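Chemist: structure of the sequence below:
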Amino acid sequence: MVRKFLIVMSTCALLSMAAITASANGTQHYGPFMSTSPDSGSCGNNWATDTFERHFTVSNDGTRVTEEFKKGTFVTMMGLSPGSCENGNTPHTNVAGGMGKLEGSFDIVVSGGQFNPNAVCTTATCGTTAGFIATVFGTSASYNVTTYNLHYSGRCMGNGGHAAQRAMSASSVFVRLPHFFGGRHAAGGTR
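Modeler: Numbers count the residues shown, from 1 in each chain. Just a heads-up that it's a prediction; the model follows:
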């Protein structure tokens, strides 16, 4: 009985850990990690709840990370639409329950930490950007999202159902999306 319990526990522990693979070019891949996150817009309000797989790839020199968001979906919340407070935009309102798909990526520069290629990632420890950085680079690490590219498509988004795509560098991100992409982050923060 004890042996069966240990086998079941060991199998469950292995299943909760995501794959970590090294490639021929020296990069290391972590994921997928299932994740749910609020999505904020240019007015600072949360306009949707996103659900997606997170995949992380660490550069061969251990200073840069590409975070990919795959198989994503979103559900809108009632309130201002994502780009309502951007210069030149006419404010629009989301309807609650609008659904769509999302995908995209972040380019991240890491500093102040040490890359640990043997770090153990689980959904609990690496299910957020901040959690991944703290787990793989240490709690003294900080990071900066330098570029992001996100693509949203769906109906009932309060903007006539048009697909929305955001791709810009972090220098313009701070102005447009201060709560979601507000420049430099400490590894212990949220997101």
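Chemist: this protein: helices as residue ranges?
Modeler: In chain order, the chain shows helices spanning 2-16, 123-126, 129-137, 170-176, with DSSP state H as the criterion.
Chemist: packing partners of the third one?
Modeler: It stands for helix 129-137. strand 28-40, strand 46-58, strand 64-76, strand 99-111, helix 123-126, strand 142-154, strand 184-186 (3 or more Cβ pairs under 8 Å, 6 or more residues apart in numbering; DSSP states H and E). C-beta: built from backbone N, CA, C; applies to glycine.
Chemist: now render the ones you listed as JSON lines, adding mean neighbour count, distance to residue 89 and mean pLDDT.
Modeler: JSON lines is the format used below for the helices and strands packed on helix 129-137 (neighbours: other Cβ atoms under 10 Å; distance: least, Cβ to Cβ, whole Å; pLDDT from 0 to 100):
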{"stretch": "strand 28-40", "mean neighbour count": "18", "distance to residue 89": "16", "mean pLDDT": "94"}
{"stretch": "strand 46-58", "mean neighbour count": "20", "distance to residue 89": "13", "mean pLDDT": "96"}
{"stretch": "strand 64-76", "mean neighbour count": "19", "distance to residue 89": "17", "mean pLDDT": "95"}
{"stretch": "strand 99-111", "mean neighbour count": "18", "distance to residue 89": "19", "mean pLDDT": "94"}
{"stretch": "helix 123-126", "mean neighbour count": "18", "distance to residue 89": "35", "mean pLDDT": "96"}
{"stretch": "strand 142-154", "mean neighbour count": "18", "distance to residue 89": "16", "mean pLDDT": "90"}
{"stretch": "strand 184-186", "mean neighbour count": "15", "distance to residue 89": "27", "mean pLDDT": "37"}
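Chemist: out of those, which gets nearest to residue 90?
Modeler: Distances from residue 90 to each of the helices and strands packed on helix 129-137 were compared by Cβ to Cβ, and the smallest falls on strand 46-58, at 15.8 Å.
Chemist: what angle sits between that closest one and strand 142-154?
Modeler: Here the directions of strand 46-58 and strand 142-154 differ by 120 degrees (axes from the mean of the first three to the mean of the last three Cα atoms, to 10 degrees).
Chemist: neighbouring strands of strand 46-58 in the sheet, and parallel or not?
Modeler: Using DSSP bridges, the strands paired with strand 46-58 in its sheet are strand 28-40 (antiparallel), strand 64-76 (antiparallel).
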